[in-house]
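# let me see the structure of the following:
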Amino acid sequence: MKLRPLPLVFSAAAVLLALGAALYWKSNSTPPAPAAAPIIPKLPANAAPNSVALERDHAAVFQRAFWRRPAADDRILHAERRDSLDGSSGVEKWQWFIAVQPSPAFREWFFKDNPFELVPVAPDAPAPELASPPAWFPSAAELTRLARHRNREGRYLVFHDLANNRLYATDAGGGFAASRK
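Numbers count the residues shown, from 1 in each chain. Next up is the predicted model:
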C-alpha cells in the first residue's frame with residue numbers, strides 16, 4: 001500500500017496550526033485583575049482619644065467611597081475623610097467628601113449598574129444639610145442646581161454637575177470597634 005504524502009502534510013499542518021493558535025491565544029489573554037484588598041482604616045499610631053483623624057489621600061478616599069480603585073482616567077479633584085475617635089481610639093463616627101471628574105466607564109458603572117442603589121432626588125426638594133463640608137464642596141444653594149441622587153437611607157448623597165462632568169459625593173455613619181488582639 002502506497003502512502004500519500006499530501007494528506008499527511010495537511011493533517012500535520014492543521015495540528016500545528018491549532019497548537020500555534022492555542023498558544024498564541026493563551027499568551028495574549030489578559031489575566032484576571034486581582035481582587036481589591038479589603039479596605040482597613042488606618043488610624044494614626046499616636047491618635048488621641050476624642051480627636052479627628054483626617055485622611056486626604058485621594059485614592060484612599062476614592063476607594064473607601066466607591067468600593068473600587070480609581071482608573072487612570074478618573075480625575076479626583078478633592079477628597080477628604082474624617083474619623084472621629086472615641087476614648088479607646090476606635091472610630092466613633094466617620095464622614096467623607098469627594099469631588100471627581102469621572103471617566104465614561106466609571107460614570108456608566110456608577111449610574112447604569114447603580115451599585116449603591118441610588119435614586120434620583122426631586123429637583124424641588126430642599127437642599128440637604130451637610131455637617132461641616134470642606135470649603136471646596138459646593139454650597140447648599142449650588143447643590144440644589146445639580147442633579148441629585150441618594151441611597152435608600154438618604155446618607156449617601158451624590159450631586160452630578162452635568163455641565164462640567166463632575167460628581168460631588170458624601171456619606172457619613174457610625175464607627176467600628178477598634179481591633180483587639
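
# which strands and helices sit next to the one helix or strand Ala79 maps to?
According to DSSP states H and E, Ala79 maps onto strand 75-85. Counting contacts by 3 or more CB pairs under 8 Å, 6 or more residues apart in numbering; DSSP states H and E, strand 75-85 packs against strand 52-55, helix 58-66, strand 91-101, strand 166-176. Any C-beta I mention is one placed from the backbone N, CA and C, and that applies to glycine too.

# average model confidence for the third one?
Averaged across strand 91-101, pLDDT comes to 91.

# now it: buried residues?
Buried residues in strand 91-101, counted by 16 or more other CB atoms under 10 Å: 91-92, 94-101.

# tell me the two of these that are most distant?
Across the buried residues of strand 91-101, the longest distance by CB to CB is 32.5 Å; it joins Glu92 and Gln101.

# okay, now the sheet partners of whichever strand or helix holds Phe159, with direction.
Per DSSP H and E: Phe159 is located in strand 157-161. Paired strands of strand 157-161, with direction, are strand 147-150 (antiparallel), strand 166-176 (antiparallel) (DSSP bridges).

# quick one on the thing from earlier: redo the helices and strands packed on strand 75-85 as a markdown table? Include distance to Asn151.
Formatted as a markdown table, those follow (distance: least, CB to CB, whole Å):
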| stretch | distance to Asn151 |
| --- | --- |
| strand 52-55 | 22 |
| helix 58-66 | 12 |
| strand 91-101 | 14 |
| strand 166-176 | 8 |
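
# go through those and name the closest to Pro123.
Using CB to CB, the nearest of the helices and strands packed on strand 75-85 to Pro123 is strand 166-176, at 16.3 Å.

# could you list the low-pLDDT ranges of this protein?
For the chain, residues meeting the criterion pLDDT under 70 lie at 1-50, 87-89, 175-181.

# ok, back up a step: among the strands paired with strand 157-161, which is the most enclosed?
The highest mean neighbour count among the strands paired with strand 157-161, using mean count of other CB atoms under 10 Å, belongs to strand 147-150: a mean of 19.

# ok, and what's touching that strand?
Defining contact as CB atoms under 8 Å, 6 or more residues apart in numbering, one finds that strand 147-150 is touched by 118-121, 123, 125, 128, 156-162.
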